[in-house]
Each structure stands twice: as C-alpha cells, then as structure tokens.
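*Asks:* return atomic coordinates for the entry below.
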Amino acid sequence: MTIKRIFSDMDGTLLNSEGRVSSENSKAIRDAQIPLTLVSARAPMEMREAIEELQLTGPQVAFNGGLIYQLVEGKVKPLHTDILPRKTAQTILQAVRKHFPHISISYYDMTYWYCDTIDEGIRLEHRITRQKPTLQTEAEFLTAKDNTFKIMMIALDNNDLLSLEKYLQSLDLGEVSILRSGQYHLEITSKTAKKSKGIAYIIKKEGLDKSQTAAFGDGHNDIPMLEMVGYPIVMDNAFPDIKELAYKVTRSNDDHGVGYGIRKYLKKLN
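*Replies:* I've put the predicted structure just below:
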C-alpha cells in the first residue's frame, strides 16, 4: 500500500532538543516526496520555520487541532477553527493566577503570544521556540481574547503541574481539553480541538484510506493522531505506554528519528 500522507508531531518528534529540524530529517523528508502535515500543540508562528525549511505547501494543524490552516504567501489562511470561549478563558486565567501565582501562564490567539510578566517559564518557552511574547498589563491579560486558541502553563516542578492539573479538573470546565505536553507544560484548548480532528479533515479532503497514512509522535497528546493512521511510528524517546501503540519504534528526536523512520519503514511500502 502506498503512503500518500505523513502526519508528524513537532516537539520531541520532528524537532531536536534545540527546537530545530535537523538537516538529516529535512533531506529524508524532501527525498521521500510524500506530502507531510505538521500536527502540533504549537501556534502557527512557532511552526513557520519548519514549514519553510521543509517547503510544505499543504494543510497544517496547530493548537492540537484547534486550527487547521495553510500558509499562503506567508500568511495564515484558516481552514477550520475551534477556539476557547472567552468567559472560560477568563475563568482559567484568573483562577490559576489566584491559586497558583508561582506558575507561568500565557495564551495564544492566531497571531500573538500573550503574557503579563516575563518569568522563568516565559524565558524557557522563548528559548524553545525563539518567539517573542506580547506583553500586556495584568488587567488586559486576565480578560483574555475573543479568539483564544490555547492557554499554556509552565512549571519546572512536576508536583506543581500535577497539583495544577488536579485543580483544573475539579473546576469541571466541560468546554476544554487539559493535556500535558512534554515535561514542563500543561496546555488547555477547546474540547473539540483534537489532533485526530485535523487528520480526519485532511483524510476526507484528500480522499485517503487509513492504510495510506502514517504518523510520528512521542507524547500523550499524540495518541488520537497515532490511532487515526495506518502506520503509527513512535519515537524512541516516547513514554513507554505510547510505544505500545506503535507499528514501529524509530530512533529518538535527537537521532533524526523521523527521517530514519521514513527511510526504514515507510519508503519500502511505496
């Protein structure tokens, strides 16, 4: 069966620990000539460098499926959106700031990354994505935006994140999805924003069979994506329970695992 579309997570998967697409991954993806869609918790601004490096022209999936879009002449063209209700976003921002003031919190709309203080978490994210946040006053920040796609919380202490996650779940916010993303991040998107939804949109649009699709991932927020495709490939650096879902386990993200997986496991199917 020919693979006609590859889906790939970014952080911990396509990108190395420096947040870059390695030259080995870039060459393998270009040489394969199989269309690739990035499926990420990231914002479009944080995906642009990889899209341009890989010369991707098709649909991309941001905010864990909250935004399906294409870059057209350097501009984001939305194909589908799922945003957080503004009142819900306000409730979350104000509650976290009140009960967990030591935890870094910020949020995104389609174009900007907002915060009201440059703390350790913001500096960490800046090092990862090389994006500059838009600084607001506390009053502006806590009112949120009408088009908020993602709220992000960062803590370097795992116990803090566990306590925060438990607290947020206790609020019974039925309109949101609360997911760990990597070691330090807890992210909130619309409940209807799922990586699988972005993939389903593209599969339907392109008339693909499940057996014609593959995906690369490493984290729990990749599970819906991995379950949607015919050939789920999991990184060596993934959690053990994620590896149980794999068709194959490839090398780590720091050992060019996506490129290796394409050459080793997918090209032979074509």
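*Asks:* which residues touch residue 212?
*Replies:* 1, 2, 3, 4, 5, 230 (C-beta atoms under 8 Å, 6 or more residues apart in numbering). Backbone N, C-alpha and C define where each C-beta goes, glycine included.
*Asks:* 6 Å - rerun?
*Replies:* With contact taken as C-beta atoms under 6 Å, 6 or more residues apart in numbering, residue 212 is in contact with residue 4.
*Asks:* let me know the pLDDT of it.
*Replies:* Among the per-residue scores, residue 212 shows a pLDDT of 96.
*Asks:* please shift the residue numbers so they start at 4 in all later answers.
*Replies:* With the count now opening at 4, the last piece we talked about shows up as residue 215.
*Asks:* distance of it from residue 128?
*Replies:* For residue 215, the distance to residue 128 equals 36 Å [C-beta to C-beta, to the nearest Å].
*Asks:* same question for residue 165.
*Replies:* Residue 165 is 20 Å from residue 128, where distance means C-beta to C-beta.
*Asks:* please apply the same query to residue 83.
*Replies:* Residue 83 is 26 Å from residue 128, by C-beta to C-beta.
*Asks:* which one's more surrounded, these two?
*Replies:* residue 128 (21 against 15; other C-beta atoms under 10 Å).
*Asks:* give me the distance between that one and residue 168.
*Replies:* Taking C-beta to C-beta, one finds residue 128 at 18 Å from residue 168.
*Asks:* could you give the mean pLDDT of stretch 129-140?
*Replies:* When pLDDT is averaged along stretch 129-140, the result is 94.
*Asks:* just the buried residues of that stretch, please?
*Replies:* Residues of stretch 129-140 classed as buried: 131, 132, 134, 136, 137, 139 (neighbour count, 16 or more other C-beta atoms under 10 Å).
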